[in-house]
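>>> structure for this input, please:
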Amino acid sequence: MKIAIVSDFFYPELSGVTDSISLLGKALGERGHQVLFLAPWYTKKDYEIARPGKSAADLGGNVSIKRLPAIRHPMSPTRQGRIALPIGKGLLDLYTFKPDVVYTHSIYGPGIEALIYSKLRRTPLVGTNHTPVSEFLPGVPRILVRAILRYTSWYYNKCSFVSAPCKTLLDEMMDFGFKKNAGAIANPVDLLHFSPAKDEKEKKSHKIFFGLTSHTVLYTGRLGGEKKIDVIIRALAITQKTIPDISLAITGHGSAEDGLRKLAESLGISAKVKFLGFVDEAVYPNIYKGSDIFVIMSTAETQSLSLMQAMASGLPTIGARAWGLPEYIETKGEHPSGIVLEPGDVEGLAETLVSLFKNQAHMKSLGEGGIEAVKKYAPEAIVKRWEDIFTAAVLNLNK
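Numbering: from 1, shown residues only. Prediction:
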């Protein structure tokens, strides 16, 4: 099958969407499908920001990439964001490729060209919505936010099938007029490179390499305001009174970084908050192996690949009760993997960190639960589901 994947986000822009669609495209190519990515053009500076060693060419021989004319996104939290211009280049690339199905992750620039192509060439359009729009538009008048949400639902109503990483996002779309066939489908998770440290000796070696303490809390990902990393830093300031050698390791960059550094300084814990920046891909999984607890208090996650990587690495997880996080952090059942707290609950997070560090058996149990729970998000399982969806979309169109 020939599959065109259209997105506003792609390498070298660092985001969960980039990682997930790259992983899916690679998996589809490995199963014999011809895959074309249509994505924005990025600058040399954007590539320099990206993790060293990572290359779009790593997706395999059955995957090709076409870049679209784009301009800088002025509000990008990654400082890499681009706005692809729908001036016909995407249409030309689609006409040349002649896909059996078009899979869109964009409702703007390239997504508009994908929609036009699907109508002109009578090709099925399948879509995924990754974004809780309201969380990324702080200060924007509610009337404008509602207009964007209505447009989002209008666009996805043009698709034969629509997914989102969490059911909560689909429910919001339905509130604004979305009516098409839909389902919550997780993004695939790289389980090949993420695993727990074999023993305490290995764990200690990774702690030494990254300069981590014996009680290390980890956050990985983009440093944006909606990620609420300030909540973790404030909780650390309380926790360190009980656990003096506790520290917070933070990877990545973003628009909130300067403010977070100043917050840590104002709380007198700069020495306990370690900003690691972008970690080389070759050793990136080891930051999880050397850490003890993963925390994500973001109010804008529909899944969080960082959370999935932490689970695959055997770390107990703590997350906010917002959007998709409660759907992925299992707190009950056969394999509990973590704890869910109310958004912004600084004191609750501090208490939970102390409680976990004082109960190593509970930490181990949650870590083992995460390893078990994350298996269902392996690329092999997710790609098979998408193959079935793409096949059904083609067959239904030809009925």
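>>> count of neighbours near the closest residue to residue 59 other than its chain neighbours?
In this structure, residue 59 finds its nearest non-sequential neighbour in residue 26, 4.6 Å apart by Cβ to Cβ, 6 or more residues apart in numbering. (Glycine included, C-beta is placed from N, CA and C.) Neighbour count of residue 26, defined by other Cβ atoms under 10 Å: 20.
>>> cool, and residue 198?
By other Cβ under 10 Å, the residues close to residue 198 number 9.
>>> can you check residue 143 too?
7.
>>> re earlier: need the next SSE after whatever helix or strand the residue nearest to residue 59 lives in, C-terminal direction.
In this assignment (DSSP states H and E), residue 26 forms part of helix 16-30. Once helix 16-30 ends, the next helix or strand along the chain (criterion: DSSP H and E) is strand 34-40.
>>> what's the weakest-modelled helix or strand in this structure?
helix 44-49 (a mean of 79; mean pLDDT, DSSP states H and E).
>>> helix or strand next in line after that one, which one?
Later in the chain than helix 44-49, the nearest helix or strand by DSSP H and E is strand 63-68.
>>> name every strand pairing with that following strand and say which way it goes.
With DSSP bridges as the test, strand 63-68 is paired with strand 34-40 (parallel).
>>> please export the C-alpha coordinates of the partner strand as CSV.
Provided in CSV are the C-alpha atoms of strand 34-40 (Å, rounded to 0.1, in the frame of the first residue of the first chain):
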residue,chain,number,x,y,z
GLN,A,34,5.6,2.7,0.5
VAL,A,35,5.5,5.8,2.8
LEU,A,36,5.8,9.4,1.8
PHE,A,37,6.1,12.1,4.5
LEU,A,38,5.0,15.6,3.6
ALA,A,39,6.4,18.0,6.3
PRO,A,40,7.6,21.6,6.6
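>>> what's the angle between that strand and helix 16-30?
Interaxial angle of strand 34-40 relative to helix 16-30 (axes from the mean of the first three to the mean of the last three Cα atoms, to 10 degrees): 160 degrees.
>>> how far does the least confident helix or strand of the chain sit from its chain's centre?
Distance, stretch centre to chain centre, for helix 44-49: 20 Å (Cα atoms, centre = their mean, to the nearest Å).
>>> just checking, what packs against that helix?
Counting contacts by 3 or more Cβ pairs under 8 Å, 6 or more residues apart in numbering; DSSP states H and E, helix 44-49 packs against no other helix or strand.
>>> buried stuff in stretch 380-393?
Judged by neighbour count (16 or more other Cβ atoms under 10 Å), stretch 380-393 contains these buried residues: 382-383, 386-387, 389-390, 392-393.
>>> now do that stretch, average pLDDT.
If you average the pLDDT over stretch 380-393, you get 95.
>>> contact partners of that stretch?
By Cβ atoms under 8 Å, 6 or more residues apart in numbering, the residues outside stretch 380-393 that reach it are 1, 3, 24, 27-28, 31, 33, 100-101, 103, 124, 126, 160-161, 163, 185-188.
>>> which secondary structure element contains residue 205?
helix 200-210.
>>> ok, residue 255 next?
Assessed by DSSP H and E, residue 255 sits outside every helix and strand.
>>> please report how far it lies from residue 109.
Applying Cβ to Cβ, to the nearest Å, the value for residue 255 to residue 109 is 22 Å.
>>> all helices of the stretch 51-200 of the chain, in order?
For the stretch 51-200 of the chain, the helices defined by DSSP state H, counting those that start in this stretch cover 89-97, 109-120, 142-156, 167-175, 200-210.
>>> could I get the second one in PDB with only the CA atoms?
In this case it means helix 109-120. Taking C-alpha atoms only, helix 109-120 is exported to PDB below (Å, rounded to 0.1, in the frame of the first residue of the first chain):
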ATOM      1  CA  GLY A 109      -1.100  24.100   5.700                       C
ATOM      2  CA  PRO A 110      -0.200  20.600   4.500                       C
ATOM      3  CA  GLY A 111      -3.500  19.300   5.900                       C
ATOM      4  CA  ILE A 112      -5.400  21.700   3.600                       C
ATOM      5  CA  GLU A 113      -3.500  20.300   0.600                       C
ATOM      6  CA  ALA A 114      -4.200  16.800   1.800                       C
ATOM      7  CA  LEU A 115      -7.900  17.500   2.000                       C
ATOM      8  CA  ILE A 116      -8.000  19.100  -1.500                       C
ATOM      9  CA  TYR A 117      -6.100  16.100  -2.900                       C
ATOM     10  CA  SER A 118      -8.400  13.600  -1.300                       C
ATOM     11  CA  LYS A 119     -11.400  15.300  -2.900                       C
ATOM     12  CA  LEU A 120      -9.900  15.800  -6.300                       C
END
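>>> no more questions from me, cheers.
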